[in-house]
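*Asks:* Sharing a model prediction with you, sequence too.
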Amino acid sequence: MAASTTLASGAGPARPARSVWQRVRAGDNLAYSVTLGAASAILLITGLLVYELYAHSAASRAKFGWQFLFTSTWDPVADQYGALPFIYGTVVTSAVALFIGIPLGVGAAIFLAELAPPRISDGLTFLIELLAAVPSVIYGLLGIFILVPILRQVEPAIRAVLGWTPLFQGPFYGVSLFSAGVVLAVMIVPFIISISREVIRAVPADQREAALALGATRWEMTWDVVVPYAKNGIMASIFLALARSLGETMAVTMVVGNDPKIRASLFAPGYSIAAVIANEFTEATGDMYTSALIELGLVLFALTIVINGAARLLVARRNVA
Amino acid sequence: MSGSLHLLRRKAVNVAMLTLTGLCTLVAAGTLVFILSYLVIHGAKSLSWDFFTKLPAPVGEAGGGMANAIVGSAKLLLIATLVGVPIGFLGGVYLAEFGGTTFSFIVRYVTDLLNGVPSIVIAIFAYTMIVLPQKHFSTLAGGLALGVMMIPIAVRSSEEFLRAVPMSLREGAVALGASKAQAIFTVVIPAAKNGIITGIMLNLARVAGETAPLLFTSFSNRYWSPGWEQPTAALPVMIFTYAIAPYEDWHEQAWSAGFVLLALVLAVNIFARMILSKRKHVAR
């Protein structure tokens, strides 16, 4: 509507041909250069971001080299820094999140795409996608005051079933790698659901019909035909969720316990890369301390780039096929 | 006999697994209902007019509010908009209207890459760019961090809404003698205006809740922060500080702040999705 009225007024009165020609040329060139400038600015900012991370971690990289990634001493007093406990905590919390989040997310996506009537499916998806909009600090708040007390309650039950594994040994204070993993799971489930639901829905109907015609039950049709068909898309959603949970800061900081030790038990407190940067950056005295924290940022950056890249590859392959 | 048993088993598996997927959905959707109701009950309880009008009270003193944090958040979002929207929007115009080259492929790729950068890493960027040379925390640095976070999504949503404008509108404009630039700025962009503005609102709602980029850029402040060069309080940072503090009444305030923040963010999201509900895909 609005477009057509602007169109009429935009045509304007006739002017001498030559000046119109020049103005038009100028306008096109200007529009092109301005938008090109904005697009280039994105490249520039991203490039600058990588450069800043690299340049400001120079001191730490020079002193510790690759050993930074494989040593586990984090001692600001002695100016000795090793990233291993943080890398460990980041990977473990994300693994717990995926372990809980994948079955939950993919299961719900199957239900929403295959079983639920369209209106109910749309309504529930709307609700679930709102979860993705909840700020992470609020997840942290809920983590501290609701999830941790609940986990303290159910901890004996978990221990009774899984206590024989090394993963659930030792005292449980509430804040732990496990708690952080559970909060992350809640945070990534909406991503898995909303993308997986879309790719499952996009599976052609004749695939389903063929399976049903061969006598498959509804579940067999879904699990043996539809899900394999949508596999790449589902994997991509999982990788995106993983990238998000690796970089998540606030919710993890608030429930992980913030203790730079490597322990096998999920019930033990731990630390993550993002959390240590958030907690210690403002108190980092001395160039080496800051430099080591920025190098941690570089490590986290590299980690998420690789995971995001993998997700993109999967999506690209799906589009080609 | 074994054949019918086999069939029975398959049917049982069918029912069991389908029920399980339903349960998964129930858990996921139930989480939101739980989060919402808990925050409403717990957060609204201690919410008072003071929250919006008073400064934080000193430790141990009852009352006080977060007026400075609300204003601080607004100022941070203003800077973020000034940084993120022009670059993002014009970049989106480039990709939608002048794209199709290798360069635009690179821009798209890098935009996605920037979108995947964790917010805490963007905070380091803002820190080394502004805080380090200036040697003090500032609203400006926090706003820059949030602005950089806005760029990728602004690019993607602008591009998407511009692409959704039918080709015939562009052709009509050009047929009437408009140049390409005139067609874009007087026909295509106005036609996509609602979508683009809604996209920006969603984008703002997202960064409004970001805490990590502010921790060591705009830092925090117990008082008003005049101008743009001083550290400032922000609502999400206050929630964090108050939640991890050992004081019971601070926890209450954290719940109130969480309630206010969540209500704002969800209101924008619901409103935006209602506007966009005719379109199938929403850029996030």
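*Replies:* Cool, the structure landed. Just so it is clear, the structure is predicted and the values come from calculations on it, not from any experiment.
*Asks:* B:Asn185 - nearest residue in space that isn't next to it in sequence?
*Replies:* Quick fix: residue B:185 is Phe, not Asn. Nearest residue to B:Phe185, sequence neighbours excluded (C-beta to C-beta, 6 or more residues apart in numbering or on different chains): A:Ala31, at 7.0 Å. (Each C-beta comes from the backbone N, C-alpha and C, glycine too.)
*Asks:* Count the residues that sit near the one you found.
*Replies:* 22 (other C-beta atoms under 10 Å in any protein chain shown).
*Asks:* Contacts only, for it.
*Replies:* B:93, B:180-181, B:184-185 (C-beta atoms under 8 Å, 6 or more residues apart in numbering or on different chains).
*Asks:* Give me the buried entries from the residues you listed.
*Replies:* B:93, B:180-181, B:184-185 (16 or more other C-beta atoms under 10 Å in any protein chain shown).
*Asks:* Looking at those, which is nearest chain A?
*Replies:* B:Ala181 (3.7 Å; C-beta to the nearest C-beta).
*Asks:* Give me the residue at the spatial middle of chain A.
*Replies:* A:Arg244 (1.1 Å; C-alpha atoms, centre = their mean).
*Asks:* what's the closest non-adjacent residue to it?
*Replies:* Leaving out its chain neighbours, A:Arg244 is closest to A:Ile188 (C-beta to C-beta, 6+ apart), at 6.0 Å.
*Asks:* Using the three-state scheme, assign the one you found.
*Replies:* helix (DSSP: H, G, I helix; E, B strand; the rest coil).
*Asks:* ok, back up a step: dump the buried ones among the contacts of A:Ala31 to JSON lines, plus secondary structure and distance to B:Arg108.
*Replies:* Output for those, formatted as JSON lines (DSSP: H, G, I helix; E, B strand; the rest coil; distance: C-beta to C-beta, whole Å):
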{"residue": "B:Val93", "secondary structure": "helix", "distance to B:Arg108": "14"}
{"residue": "B:Lys180", "secondary structure": "helix", "distance to B:Arg108": "21"}
{"residue": "B:Ala181", "secondary structure": "helix", "distance to B:Arg108": "22"}
{"residue": "B:Ile184", "secondary structure": "helix", "distance to B:Arg108": "19"}
{"residue": "B:Phe185", "secondary structure": "helix", "distance to B:Arg108": "22"}
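*Asks:* tally of neighbours for the residue nearest to A:Arg244?
*Replies:* Count around A:Ile188 with other C-beta under 10 Å applied: 28.
*Asks:* Ok, B:Thr53 next?
*Replies:* B:Thr53 has 11 nearby residues by other C-beta under 10 Å.
*Asks:* what does B:Gly209 give?
*Replies:* 22.
*Asks:* Okay, it and chain A: tell me how far apart.
*Replies:* B:Gly209 sits 2 Å away from chain A, taking C-beta to the nearest C-beta, to the nearest Å as the criterion.
*Asks:* Next, find the distance separating that residue from B:Ala234.
*Replies:* 10 Å (C-beta to C-beta, to the nearest Å).
*Asks:* ditto for A:Phe68
*Replies:* 32 Å.
*Asks:* okay, those two: which has more neighbours?
*Replies:* B:Ala234 (34 against 20).
*Asks:* Looking at that one now. What's its pLDDT?
*Replies:* pLDDT for B:Ala234: 95.
*Asks:* burial of A:Pro149, as a residue count?
*Replies:* Applying other C-beta under 10 Å, I find that A:Pro149 has 10 neighbouring residues.
*Asks:* right, and it touches A:Val175 too?
*Replies:* No - using C-beta atoms under 8 Å, A:Pro149 is not in contact with A:Val175; the gap is 11.4 Å.
*Asks:* With adjacent residues omitted, what lies nearest to residue 257?
*Replies:* No chain was given, so I picked chain A. A:Pro269 (2.3 Å).
*Asks:* The chain in question should be chain B.
*Replies:* B:Ile239 (4.8 Å).
*Asks:* about what we covered before: and the two most separated of the buried ones among the contacts of A:Ala31?
*Replies:* Between any two of those, the greatest separation by C-beta to C-beta is 11.4 Å, found for B:Val93 and B:Lys180.
*Asks:* then stretch A:87-106 to CSV, C-alphas only?
*Replies:* Extracted as CSV, the C-alpha positions of stretch A:87-106 are listed here (Å, rounded to 0.1, in the frame of the first residue of the first chain):
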residue,chain,number,x,y,z
ILE,A,87,38.8,-25.9,28.5
TYR,A,88,37.9,-29.0,30.5
GLY,A,89,35.0,-27.3,32.3
THR,A,90,33.7,-25.7,29.0
VAL,A,91,33.7,-29.0,27.2
VAL,A,92,32.3,-31.0,30.1
THR,A,93,29.4,-28.6,30.8
SER,A,94,28.5,-28.5,27.1
ALA,A,95,28.7,-32.3,26.9
VAL,A,96,26.2,-32.6,29.8
ALA,A,97,24.0,-30.0,28.1
LEU,A,98,24.0,-32.0,24.8
PHE,A,99,23.5,-35.3,26.6
ILE,A,100,20.3,-33.9,28.1
GLY,A,101,19.4,-31.5,25.4
ILE,A,102,19.6,-33.7,22.3
PRO,A,103,17.0,-36.3,23.3
LEU,A,104,14.7,-33.7,24.7
GLY,A,105,15.0,-31.3,21.8
VAL,A,106,14.9,-33.9,19.0
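*Asks:* neighbouring contacts of it?
*Replies:* Here stretch A:87-106 has contacts from A:69, A:177-178, A:180-182, A:184-185, A:187-189, A:191-193, A:196, A:227, A:234, A:237-238, A:241-242, A:245-246, A:252, A:256, A:262, A:266, A:270-275, A:299-300, A:303, B:24, B:27-28, using C-beta under 8 Å, 6+ apart.
*Asks:* Kindly write the PyMOL command that selects the buried subset of the residues you listed.
*Replies:* Command for PyMOL that selects the buried part of the contacts of stretch A:87-106, burial taken from 16+ other C-beta under 10 Å:
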select buried, (chain A and resi 177+178+180+181+182+184+185+187+188+189+191+192+193+196+227+234+237+238+241+242+245+246+252+256+266+270+271+272+273+274+275+299+300+303) or (chain B and resi 24+28)
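*Asks:* In helices, which of the contacts of stretch A:87-106 appear?
*Replies:* A:69, A:177-178, A:180-182, A:184-185, A:187-189, A:191-193, A:196, A:227, A:234, A:237-238, A:241-242, A:245-246, A:252, A:273-275, A:299-300, A:303, B:24, B:27-28 (DSSP state H).
*Asks:* Isn't B:Leu55 up against B:Asn221?
*Replies:* No - between B:Leu55 and B:Asn221 there is no contact under C-beta under 8 Å: 9.8 Å.
*Asks:* shared neighbours of these two, anything?
*Replies:* B:Asn68.
*Asks:* got the residue ranges for the helices in the stretch 1-150 of chain A?
*Replies:* Along the stretch 1-150 of chain A, the segments classed as helices by DSSP state H, counting those that start in this stretch run A:2-11, A:17-56, A:58-64, A:67-70, A:84-110, A:118-131, A:136-142, A:148-162.
*Asks:* Mean pLDDT added to those helices, as a markdown table?
*Replies:* Putting these into a markdown table (pLDDT from 0 to 100) gives the following:
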| stretch | mean pLDDT |
| --- | --- |
| helix A:2-11 | 41 |
| helix A:17-56 | 85 |
| helix A:58-64 | 94 |
| helix A:67-70 | 94 |
| helix A:84-110 | 96 |
| helix A:118-131 | 90 |
| helix A:136-142 | 95 |
| helix A:148-162 | 91 |
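*Asks:* most tightly surrounded among the ones you listed?
*Replies:* Of all the helices of the stretch 1-150 of chain A, helix A:136-142 has the most neighbours on average by mean count of other C-beta atoms under 10 Å in any protein chain shown, namely a mean of 27.
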